[in-house]
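# give me the fold of what follows.
(2 chains)
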Amino acid sequence: KQEVTQIPAALSVPEGENLVLNCSFTDSAIYNLQWFRQDPGKGLTSLLLIQSSQREQTSGRLNASLDKSSGRSTLYIAASQPGDSATYLCGIKEAAGNKLTFGGGTRVLVKP
Amino acid sequence: SAVISQKPSRDICQRGTSLTIQCQVDSQVTMMFWYRQQPGQSLTLIATANQGSEATYESGFVIDKFPISRPNLTFSTLTVSNMSPEDSSIYLCSVEDRGGSSYNEQFFGPGTRLTVL
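Presented below is the predicted three-dimensional model:
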């Protein structure tokens, strides 16, 4: 059974600092991994999708890496802004059409 | 990418009553998923709904408590039956669709925030 862990559970940084969010998983036989952002009381917004065959994906200030052999993915957010304050979730899909298994999330606060 | 709407966005209900949540997608999708997010927790899958067949429920969730309908490829409903305060959660509808890339990506609706008194 796939288990997904996100550490730290919460993170507070001053504006401008780079953010590093970690996601680890127990079963390396994955189909893809998605990083999401969730604002309080809201739904999930997809940030980046990494297929099993890929090592990283980039979008603007966001970069996500995937290392299946070590069971880890890292989301980097460069030059953080107060608007980046949210909870970030990683979700792992083990096969096409299957559910996502989520980590517990990292709650980020970027202080002006 | 798929655009998903949910109704209602939030509701406050009395214990023992039932609430039906609607999920509408702007494109035809094969699989729709219903997740629950309890306060301060991550997301847990309730069931997978395919058009034309019975929903498949995850361990710990049963059809009598969470009946699901999937009448066509763009719509689904989830009912939370005989509610108790423990059912207070955000309920999220999700679909798998081709996003901006050529890969299947998961998209989520805005959620329904349910409070049971």
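# near chain A, which residues of chain B?
When proximity is defined as C-beta under 8 Å from any C-beta of the partner chain, chain B approaches chain A at B:1, B:30-31, B:33, B:41-45, B:48, B:58, B:90, B:92, B:94, B:96, B:99, B:101, B:103-111, B:113. C-betas here are computed from N, CA, C, even on glycine.
# is the residue positioned nearest the centre of chain B in a bridge, and if so with what?
Averaging the C-alpha coordinates of chain B gives a centre point, and the residue nearest to it by C-alpha atoms, centre = their mean is B:W34 (3.1 Å). With DSSP bridges as the criterion, B:W34 is bridged to B:A47, B:C93.
# ok, it - contacts?
Residues near B:W34 by C-beta atoms under 8 Å, 6 or more residues apart in numbering or on different chains: B:23, B:45-47, B:49, B:66, B:68, B:76, B:78, B:91-94.
# what do you get if the cut-off is 10 Å, keeping everything else the same?
Neighbouring residues of B:W34 by C-beta atoms under 10 Å, 6 or more residues apart in numbering or on different chains: B:21, B:23, B:45-49, B:55, B:57-58, B:61, B:66, B:68, B:76-78, B:91-94, B:109.
# now for the closest residue to B:Q14 other than its chain neighbours, how many residues are close by?
Spatially, and ignoring its direct neighbours in sequence, B:Q14 is nearest to B:L117 (5.9 Å; C-beta to C-beta, 6 or more residues apart in numbering or on different chains). Residues near B:L117, counting by other C-beta atoms under 10 Å in any protein chain shown, number 9.
# residues in contact with A:T5?
Neighbours of A:T5 in contact, by C-beta under 10 Å, 6+ apart: A:N22, A:C23, A:S24, A:F25, A:T26, A:G71, A:R72, A:C90, A:G103, A:G104.
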